[in-house]
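Student: okay, structure incoming, though there's no sequence with it:
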């Protein structure tokens, strides 16, 4: 079995450390944290000179894992609106039962990273920028091809992003069941925007053309 890479060691250490931080708080000393992780303090500090760097690594890994999971689920469907709806649902699926983790990491970064907060938020947003652009392009292409009703693609994608974030917060604060919300959005938002695809091919002959052809052939076959 291959030994874990340096990056894998950092990621595993960060994930375990966050569990300890959630339980014992951000005021924990590095000595106590190292003991809880079963490593020596110099080893912990070698990988993460500060708690800020540790929680940044943990959040980055979590978001990358989320992106991979969501991409896999979105690839299972074809229609651009189904892809958008599936993305919304897949984010909730990925975080189900551990929604508080991403909220805790965000709060920890705000508390520990200080002046770097804006930079980190921008980096997190950029991580999903390609996904958002792809969604917009698919919706616009669907409108052009007649499979999506005319709409503002950028506004629709922005709405789904806002709803995704809002539902995450609802899960943390009130344990809202999201399945009925997702079903409502499919029925009232996504499905009404779907259109039957245009069929490209030889057009059906008109009645006048049929009559002219009948006259030229004497009406017989």
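Tutor: Arrived safely. Note that the coordinates shown come from a computational prediction; the quantities given were computed from them, not determined experimentally. Numbering: from 1, shown residues only.
Student: relative to residue 92, how far out is residue 99?
Tutor: According to CB to CB, to the nearest Å, residue 99 and residue 92 sit 8 Å apart. Just so you know, the C-beta spots here come from the backbone N, C-alpha and C atoms, and that holds for glycine as well.
Student: list the residues that contact both of the two?
Tutor: 168, 171 (CB atoms under 8 Å, 6 or more residues apart in numbering).
Student: neighbour count for these two, which is higher?
Tutor: Higher neighbour count among residue 99 and residue 92: residue 99, with 20 against 17, using other CB atoms under 10 Å.
Student: the more buried one against residue 174, yeah?
Tutor: No. Counting by CB atoms under 8 Å, residue 99 stays clear of residue 174, with 11.1 Å between them.
Student: how does the protein divide into domains?
Tutor: The record's domain split for the chain, according to automatic domain parsing, is 1-49, 55-196.
Student: any idea which of those is most buried?
Tutor: Greatest average neighbour count among the domains of the chain goes to domain 55-196 (a mean of 16), per mean count of other CB atoms under 10 Å.
Student: first to last residue in that one, what's the distance?
Tutor: Domain 55-196 has an end-to-end distance of 47 Å (CA to CA, to the nearest Å).
Student: over to stretch 23-32?
Tutor: 13 Å.
Student: ok, and what's touching whichever helix in the chain runs longest?
Tutor: Scanning the chain for the longest helix, with DSSP state H as the assignment, gives helix 51-74. Helix 51-74 is contacted by residues 10-11, 13-15, 17-18, 21, 26, 30, 33, 48, 83, 86-87, 89-91, 93-95, 101-102, 105-106, 108-109, 112-114, 116, 120, 124, 127-128, 131 when judged by CB under 8 Å, 6+ apart.
Student: helices and strands around the helix or strand following that helix, which ones?
Tutor: Going down the chain from helix 51-74, the next helix or strand is helix 80-95, by DSSP states H and E. The helices and strands touching helix 80-95, judged by 3 or more CB pairs under 8 Å, 6 or more residues apart in numbering; DSSP states H and E, are helix 51-74, helix 129-145, helix 153-174, helix 179-185.
Student: contacts for the strand or helix carrying residue 46, please.
Tutor: Assigned by DSSP H and E, residue 46 belongs to helix 41-47. Defining contact as CB under 8 Å, 6+ apart, one finds that helix 41-47 is touched by 9-10, 13, 17, 30-31, 33-34, 37.
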